[in-house]
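Trainee: Quick one: sequence plus predicted model below, questions after.
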Amino acid sequence: IGVTGVQTCALPIYGGSLFSFDLNNSSFTKIADMNPAPTAGIFPSGKFTASGSSLYGITGGDYTSKYNVDFPIIPASIFKINRDGTGYTKLFDFKSVLNDSNARCNGNSLIIADQIMYGMATYGGNGMGCIFKLNTDGTGYVDLHDFNIMDAGGGPKGSLILLGGNLYGMTTGHIFKIDTNGSNFQNIYDFQSTSALGSLVVSGTALYGVLAGGGIDNNGSIFKFDTSNNSYTDMHDFDGVNDANPTCTLSLVGNTLYGTTSAYLFYTEMPDPNDIDTWYNVTTDRKSTR
């Protein structure tokens, strides 16, 4: 899914678009415009989930009306589209659910098992996000769990994974699991005030992820959580010189994890982005002290 500008009225409306890119012939196709009209959503940001001949996704929703003055603030929605770009259908609109009328989904994606979709909203539920499920035809929406400050914090920005009949995921400060029917929610690990971003990746009984902070010098780390014995292992600490602050979802290819970092500067106050000399002085000064 990519984001582009779309104009649908006298004022510019930036709702995003859906596109495809064919690797066989290097052809790019915009397959749908996203806008605040009743037939579409706005600001898709997660990845597609494929099931059969259809692709399923989530629109993020709108935070503010500054880009769409003529429209009310728009909550997230769930849609499907055929792989050939036809048949766009909005399956579910969070405004149809009383407690989730302000839901936002920031980079969240769906997982599908046995014709049921599972996902998370970053905001919604009681205001701190929720876990939900619904059928692939858009019916049967169930709010499985509303996050709150007492169990696992809130504001999940990643996606769920399914392992051994349980759903696992992260909020910024915790790893949690929950049964697919919404029972037995458990906060299974606390990151101790360190930010976890992205989603977990699974290999066997182990979950892998990254922390934007934590580790040596608080530059971030790669971790492993083994679900067989609930053991946590710090696999790697970023040094703040060559790299720091990973905010990605790791990719597992064979026995190798791949990911990205967002910065390599140690300082909490970032240099002026318009002053290249500031960046040069900070990075060279920092490297010379290690």
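Mentor: Right, received. Where do you want to start?
Trainee: My read is that residue 216 contacts residue 239, right?
Mentor: Yes: in terms of Cβ atoms under 8 Å, residue 216 counts as a neighbour of residue 239; the distance is 7.2 Å. (Glycine included, C-beta is placed from N, CA and C.)
Trainee: and those two? which has more neighbours close in?
Mentor: Comparing residue 216 with residue 239 by other Cβ atoms under 10 Å, the one with more neighbours is residue 239, at 16 against 12.
Trainee: Distance of the more buried one relative to residue 191?
Mentor: 20 Å (Cβ to Cβ, to the nearest Å).
Trainee: for the stretch 1-150 of the chain, what are the low-confidence residue spans?
Mentor: Judged by pLDDT under 70, the stretch 1-150 of the chain has its weakly predicted residues at 1-14, 35-42, 61-74, 98-102, 106-107.
Trainee: for it, what spans make up the strands?
Mentor: 17-22, 27-33, 49-51, 54-59, 77-82, 89-93, 111-113, 116-121, 130-135, 142-146 (DSSP state E, counting those that start in this stretch).
Trainee: out of those strands, which comes closest to residue 246?
Mentor: Relative to residue 246, the nearest member of these by Cβ to Cβ is strand 116-121, separated by 20.3 Å.
Trainee: hmm, who's touching that closest one?
Mentor: By Cβ atoms under 8 Å, 6 or more residues apart in numbering, the surrounding residues in contact with strand 116-121 are 49, 56, 58, 76, 78, 94, 100, 103-105, 108-112, 129-136, 144, 156, 158-160, 162, 167, 169, 180.
Trainee: ok, it: who's next to it in the sheet?
Mentor: In its sheet, strand 116-121 lies beside strand 111-113 (antiparallel), strand 130-135 (antiparallel), with partners assigned from DSSP bridges.
Trainee: In TSV, list those strands along with distance to residue 173.
Mentor: Formatted as TSV, the strands paired with strand 116-121 follow (distance: least, Cβ to Cβ, whole Å):
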stretch	distance to residue 173
strand 111-113	22
strand 130-135	16
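Trainee: Redo these as CSV? Include distance to residue 221 and mean neighbour count.
Mentor: As requested, the strands paired with strand 116-121 are exported to CSV (distance: least, Cβ to Cβ, whole Å; neighbours: other Cβ atoms under 10 Å):
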stretch, distance to residue 221, mean neighbour count
strand 111-113, 26, 16
strand 130-135, 26, 21
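Trainee: out of those strands, which comes closest to residue 222?
Mentor: It's strand 111-113; of the strands paired with strand 116-121, that one is closest to residue 222 (Cβ to Cβ) at 22.6 Å.
Trainee: quick revisit: and among the strands of the stretch 1-150 of the chain, the most buried is which?
Mentor: With neighbours defined by mean count of other Cβ atoms under 10 Å, none of the strands of the stretch 1-150 of the chain is more surrounded on average than strand 116-121, at a mean of 25.
Trainee: Now that strand - C-alpha only, CSV.
Mentor: This file holds the C-alpha atoms of strand 116-121, laid out as CSV (Å, rounded to 0.1, in the frame of the first residue of the first chain):
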residue,chain,number,x,y,z
ILE,A,116,-11.8,-14.8,10.4
MET,A,117,-9.8,-11.5,10.5
TYR,A,118,-7.9,-10.4,13.6
GLY,A,119,-6.5,-6.9,14.1
MET,A,120,-5.7,-4.1,16.4
ALA,A,121,-6.7,-0.4,16.5
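Trainee: If anything else comes up later, I'll come back, but that's it for now.
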